[in-house]
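**Student:** Sequence below, structure please.
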Amino acid sequence: MAGYQSAEEARKVLQKLIDLAKEDQSIKEGAAGTELTVSFELMDLDLVFNLSFIDGQVDGFIGEPEEEPMVTLSMDSEVLDSIFSGEMDAASAAMSGDLSFSGDVGNAMGLQILMNDFVRLYQEARSA
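**Tutor:** This is a model prediction of the structure:
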């Protein structure tokens, strides 16, 4: 697992991921009919980023959310990197205690169909 050397390194990759996701047609199609806000807390870097999926529109930002997200996922950056690289699935990370969550996780599970697209976009963002 690679993780990140600094919060700034992670911030650059995650902002690129957010930008790519906003414009990706596969992500938009997969988010159609969905209403979900997710906050990702990277505990080792004290960094938070957010994604929202509202009826085919995808948005996101880095920083603390103004409103309570529907789902909060907390992990170290190494775990996020492994999940978004396709090396580990979120369920395994949760069962091993590497990922904790709160909120409407059932709703978030519906976005599993987007995981391959996020792996593709994350790899592009990571290599940029």
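
**Student:** Next one: the closest residue to L47 other than its chain neighbours relative to E23, how far apart?
**Tutor:** Spatially, and ignoring its direct neighbours in sequence, L47 is nearest to A7 (4.9 Å; Cβ to Cβ, 6 or more residues apart in numbering). Glycine gets a C-beta too; all of them are placed from N, C-alpha and C. Counting by Cβ to Cβ, to the nearest Å, the gap from A7 to E23 is 25 Å.

**Student:** next one: S102
**Tutor:** From S102 to E23 the distance is 29 Å (Cβ to Cβ).

**Student:** Provide the partner residues of the residue nearest the centre of the chain in its beta bridges.
**Tutor:** Nearest residue to the geometric centre of the chain (Cα atoms, centre = their mean): F40, 6.0 Å. Legend: beta-bridge partners of F40 under DSSP bridges are F49, L73.

**Student:** Touching, it and V71? I think so.
**Tutor:** No. Using Cβ atoms under 8 Å, F40 is not in contact with V71, being 9.4 Å away.

**Student:** who has more neighbours, A7 and E23?
**Tutor:** Taking A7 and E23 together and counting by other Cβ atoms under 10 Å, A7 has the greater number of neighbours (16 against 10).

**Student:** Quick check, the more buried one in contact with V48.
**Tutor:** No. With contact defined as Cβ under 8 Å, A7 does not reach V48; the gap is 10.5 Å.

**Student:** which neighbours do those two share?
**Tutor:** L42 (Cβ atoms under 8 Å, 6 or more residues apart in numbering).

**Student:** Show me the shaky parts of the protein.
**Tutor:** 1-2 (pLDDT under 70).

**Student:** In it, what residue spans correspond to helices?
**Tutor:** Applying DSSP state H to the chain gives helices spanning 7-23, 25-30, 77-84, 90-95, 105-109, 115-127.

**Student:** Share the number of residues neighbouring the closest residue to S102 other than its chain neighbours, please.
**Tutor:** Excluding its sequence neighbours, the residue lying closest to S102 (Cβ to Cβ, 6+ apart) is T72, at 4.9 Å. The tally of other residues near T72 (other Cβ under 10 Å) stands at 20.
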